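Novice: Fold the stuff below for me.
(2 chains)
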Amino acid sequence: MALRVLGLNLIKNNINLLQNACRINATSTTQAPYCNQVTVHAAPAAVQKQKVSKAMKAYLERARENDEFMKTQDLDFQIGKRHLANMMGADPETFTQQDIDDAISYLFPSGLFDKRARPAMKSPDEVFPARKAAEFDETGRPFHSMFYTGKPNFFQLLHDIVEETNKLYDLEERMLRRGNKPDENQKIEMAGFQMLPKDQLEVKLVETIADIEYSNFVSSMERLIASPFSYKSKNFIERYLKPLIDQSKQLEVPKPKIDEQGRQYITTYECLRKTARADVTVRMPGTGKININGKDISYFDVEQCREQLLFPLQFSGLLGKVDVEANVAGGGSSGQSGAIRWGIAMSLRSFVDQEMIESMRLAGLLTRDYRRRERKKFGQEGARRKYTWKKR
Amino acid sequence: MKMFRKHVGSISRISTQLQRGPPTVGSIAGLSTEAEAAPKQERVDEKITEFRTAITNPGGHSPLQIAKFYTIPAEEKKRIFGGGGLPKQYELQIKTFTEACLMVRSPALELLQYIKQADLSKPVVRYVLYGENGVGKSLTMAHVLHYGALHDFLLVHVPWAPNWMKRPKETANATGQEGFIDLPFDAAAWLVHFKTQNAQLLQKLQLKTSKDYVWSKRESTPTGSLLTELVEHGIARIKYASETIAAVISELKQLSTAGQCKVMVAIDGFNAFFHPETRIFSDNKQRVTPDRITLTQPFLNITNYDWTNGVCILSVDKIAMTEGYMESYMPRYLLGKDGFEHLDPFVPVHVDNYTDKEFTNYISYYVDRFWITKTAPDLEDQLKFMSNKNPYTLMQLVRGL
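Specialist: Numbering: from 1, shown residues only, chains lettered A, B, ... in the order given. Reported below is the predicted structural model:
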């Protein structure tokens, strides 16, 4: 059991086991097609009789120890889980990882900011990183043909990409000869997707790769995707793409609702800037009325704050064509005006075309401003400013 | 402003071109007097009627002229507003544009209509102008004051009463009344202002004092001497200026009640007389209340309704107060209980922000004076949004650096 709460540093006892372990997250490795299982492939009988190499012997020893260690850890984890389930008055058989997490956060409430620093109880498979399996047999002969490149998995991947690309080239040639054209509808959409980042690729490959190697990977992938028939090897490509969930979600523009006067309106809740919170309703068609907490634009005395409200309206060309109502609380005037500005911009998306939304995004109108007040530091006059230096 | 300029990128000032500016003051004035003007000049007139009117006499203004500019002739402006009466910023704008233009707005017209229709044989009616900061209360008053000056009213005009409470030139203990504070320089300055405003009319009317005024052993103003002499004495002997004001005002009340003259009282920032405290310190280092200032009494006296043949135009203003007393612009709040009871009953006149038409005309006026150039097509909308159609805010937005 790997219950970190008890401060039991089991890893310390098995430090030699972990020395050549890759620093990776075990969750993703379970799906990885690369050989990272600790079990050794059975060698042919003829080889068995031969003398086992020293490296292999040391490796086998380590593998056995690791196996044992993981077994005891797993046992401990199962026992701990049952205890926890009993403590919480739940059925140990159906006690899931989610239940464990809930129980731990209930029993050991923690105010630590970093989630990884908080107490946790997880399966040893998750806690102890996976290790690369033996890459050679008892005689010391590597399994992988690219073993001597040092990064067999990575170069295998490059090899596979090139193979796929060549296959597509052949296909293209054949299709061209037959006069067939690639299907435009099936074309791979890269919008909303991103190439697998370097760190995630490393986890997937169980190998560390250099920057230049990563850029090689990216360029060969791009070449593959650029091929007109790339949809034929969609499955392969998608393994190395990562969807951009947040942005695609933001791209969804809400449909305006209709109020009792028959006008379209959109309310954006939770418009935040600094410590100000606002909700903004934009009504179309309107006459350019502004209502902020029951007052008009004179709610803001400062010119700059009024400009903040002006900008999205003027930029989208809807100045004087929509009515704006805002409820804002907290923060100062600049925070409040910033919050309302964001709310107006977000609401206006429903009333403008896609092109305008894009240019609004580029103008930074749809981006949340996450900047906050920087704290004062001791020994300093403010956040950055130092006290006047005096020799003595 | 800098940011706004960046946004719009359009406002520019061309002060050098003002010398050759459009229709000069003289030509407009000429048009109004000469009915049989040449056709050529009429065409000019037509052109300027878009946002200007040639009627320079406020008496001739009607709702037709609403939202149009009229020009105050230079000499009249110097006579009436020489000692103050136009806000400082507006004065600056007048200087830049080399013409004193006022917009005809509905509160002023409303007020003028009341004054024209008033029965002067009845006790004076008090009109109280009120409104938000910078909506044009003072300029409305200036418009009416111009009317008064042209229609044989003796003007009793205080350009900005809070000046006496907030930044007096000099303070002294009053000689006549124990525990009172005198503001000799301010009083003398007011007398000078009174004299310049009314010099012509006083000359014509030849008003006489009704009783002896003994200032000291050697100085006195006997019965039957001219009011001008009384004023001159006050200016010459600054020590007695405050008492002179009291004398002049009580004389004016008597004279107008007797029907010898008409009096127009115009006090801007009237609520300063009822402010809980002033910035003046007495001998024992205590803040003095406004009622302990000798200047207060005559002006409260003349705003009473116990006399006839006159009008009182007063304005109440938030900025006449000090911090902590500026929550609302309503007369009851600003005047307080005493002030409200002092004025009750009065006619409130609300001054509001520009209407759309007024705003458009103001922008075209600025464009006409080459003060702004309309490079952005929606400049007007932007300015409207930014200023909320508030006159002062608009002036600030397009001001020079």
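
Novice: longest helix in chain A, by residue count?
Specialist: Using DSSP state H to define each element, chain A has its longest helix at helix A:54-87.

Novice: mean confidence for it?
Specialist: On average, the pLDDT along helix A:54-87 is 90.

Novice: Which stretches in the chain count as strands?
Specialist: All of this refers to chain A. With DSSP state E, the ranges of strands along chain A come out as A:2-3, A:121-122, A:193-195, A:241-243, A:257-258, A:264-273, A:276-284, A:290-292, A:323-329.

Novice: my bad, the chain I had in mind was chain B
Specialist: Counting by DSSP E, chain B has strands at residues B:69-72, B:100-103, B:125-130, B:153-158, B:172-173, B:181-182, B:213-214, B:220-221, B:262-267, B:310-315, B:347-350.

Novice: Output those strands as JSON lines; include the columns distance to A:Lys321.
Specialist: (Each C-beta comes from the backbone N, C-alpha and C, glycine too.) Shown next, in JSON lines, are those (distance: least, CB to CB, whole Å):
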{"stretch": "strand B:69-72", "distance to A:Lys321": "30"}
{"stretch": "strand B:100-103", "distance to A:Lys321": "28"}
{"stretch": "strand B:125-130", "distance to A:Lys321": "34"}
{"stretch": "strand B:153-158", "distance to A:Lys321": "46"}
{"stretch": "strand B:172-173", "distance to A:Lys321": "62"}
{"stretch": "strand B:181-182", "distance to A:Lys321": "58"}
{"stretch": "strand B:213-214", "distance to A:Lys321": "68"}
{"stretch": "strand B:220-221", "distance to A:Lys321": "69"}
{"stretch": "strand B:262-267", "distance to A:Lys321": "43"}
{"stretch": "strand B:310-315", "distance to A:Lys321": "37"}
{"stretch": "strand B:347-350", "distance to A:Lys321": "30"}
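
Novice: Using a markdown table, lay out the strands of chain A together with distance to chain B.
Specialist: A markdown table is the format used below for these (distance: least, CB to the nearest CB, whole Å):
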| stretch | distance to chain B |
| --- | --- |
| strand A:2-3 | 57 |
| strand A:121-122 | 53 |
| strand A:193-195 | 35 |
| strand A:241-243 | 38 |
| strand A:257-258 | 26 |
| strand A:264-273 | 18 |
| strand A:276-284 | 15 |
| strand A:290-292 | 8 |
| strand A:323-329 | 11 |
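
Novice: Out of these, flag the one nearest B:Tyr147.
Specialist: Closest to B:Tyr147 of the strands of chain A, according to CB to CB: strand A:290-292, at 36.6 Å.

Novice: What are the buried residues along the closest one?
Specialist: Residues A:Ile290, A:Ile292 are the ones in strand A:290-292 that count as buried (16 or more other CB atoms under 10 Å in any protein chain shown).

Novice: what separates it from the chain centre, distance-wise?
Specialist: Remark: strand A:290-292 is offset 39 Å from the chain centroid, using CA atoms, centre = their mean, to the nearest Å.

Novice: low-confidence ranges in chain A?
Specialist: Scanning chain A for pLDDT under 70 picks out the ranges A:1-50, A:130, A:133-134, A:138, A:245-251.

Novice: Give me the domain ranges for it.
Specialist: Per the record, chain A has its domains at A:2-127, A:147-247, A:257-362, by automatic domain parsing.

Novice: picking up where we left off before, buried sites along the longest helix of chain A?
Specialist: For helix A:54-87, burial by neighbour count (16+ other CB under 10 Å) applies to A:56, A:59, A:62-63, A:66, A:69-70, A:73, A:76-77, A:80-81, A:84-85.

Novice: so which of the residues you listed comes closest to chain B?
Specialist: A:Leu84 (59.6 Å; CB to the nearest CB).

Novice: which ones are touching that closest one?
Specialist: A:Phe95, A:Ile100, A:Ala103, A:Ile104, A:Met121 (CB atoms under 8 Å, 6 or more residues apart in numbering or on different chains).

Novice: Can you name the residues of chain A that neighbour chain B?
Specialist: Neighbours of chain B within chain A, by CB under 8 Å from any CB of the partner chain: A:288, A:290, A:296-298, A:303-304, A:306-307, A:309-311, A:313-314, A:317, A:319-320.

Novice: Separate out the buried members of those.
Specialist: Applying 16+ other CB under 10 Å to these flags A:288, A:290, A:297-298, A:303, A:306-307, A:309-311, A:313-314, A:319-320 as buried.
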